[in-house]
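J.: Kindly generate the corresponding structure for this input.
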Amino acid sequence: MRGSPPVQQDVEAARLSPHAQEALRYLVVLRYCVFALCICTVLRLVLEPLRPLDWLDDLAAAVVGTLLLQQDSWCEPIVSLVRSRLSSVQLLQDWLTGAEDGFAFLMPLLWICIVGSILGAWHLLFASASHSSGAGSVLPLIVVANASIHILTVAVCWHIRSLVWRPHGGVKYA
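T.: The predicted model follows:
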């Protein structure tokens, strides 16, 4: 479906079940969540380069979210770059080669975003006082946006999971 013309994609989408059509709509929302996670990660890398524990969960969510969307035509250049960089890590080679479709990364993204939203709340409650003045005053806003994106990503991933893995039969993507 990726290389098909738009009219053919509409015809193919019309043949899918209603659950599959809804899952595809939510995958578009997830695409925007992953793009927003990437932007927040870059902003936090620029603003907090010496505090890697504050942005490591954001980086993990952006990478896993990109791998989840590996069959999306918008993400192909980014996915090839991420796969080439991660394939050099010996521990991740089996994980990357075993996951030919992106749905293998759905649950890891869900759990990483749950942790990220908890860490975002923690960061706001206990570390925002240190960023209350000066150039770092924009950082709490980025942390709020980032935690909100994590929560939205959790909700979208959970809904996609419930559409795909239903007890009475899931969505088939062929």
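
J.: List the buried residues of stretch 142-159.
T.: Using 16 or more other Cβ atoms under 10 Å as the test for burial, stretch 142-159 gives 142-143, 146-147, 149-154, 156-157. C-beta here means a position set from N, CA and C on the backbone, and glycine is covered the same way.

J.: Columns distance to Tyr32 and secondary structure on top of these, output as TSV?
T.: Formatted as TSV, those follow (distance: Cβ to Cβ, whole Å; DSSP: H, G, I helix; E, B strand; the rest coil):
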residue	distance to Tyr32	secondary structure
Ile142	17	helix
Val143	20	helix
Asn146	14	helix
Ala147	17	helix
Ile149	9	helix
His150	14	helix
Ile151	14	helix
Leu152	9	helix
Thr153	10	helix
Val154	15	helix
Val156	9	helix
Cys157	13	helix
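
J.: Restrict stretch 138-146 to CA atoms and write it as CSV.
T.: Output of stretch 138-146 as CSV, limited to C-alpha atoms (Å, rounded to 0.1, in the frame of the first residue of the first chain):
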residue,chain,number,x,y,z
VAL,A,138,11.3,27.8,28.6
LEU,A,139,12.4,24.3,29.8
PRO,A,140,9.3,23.7,32.1
LEU,A,141,7.1,24.5,29.1
ILE,A,142,8.9,21.9,27.0
VAL,A,143,8.7,19.4,29.9
VAL,A,144,4.9,20.0,30.1
ALA,A,145,4.5,19.6,26.3
ASN,A,146,6.7,16.5,26.4
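
J.: that older thread, I'd like to know which of the buried residues of stretch 142-159 is nearest to Pro49.
T.: Of all the buried residues of stretch 142-159, Pro49 sits closest to Ile142, with 13.9 Å by Cβ to Cβ.
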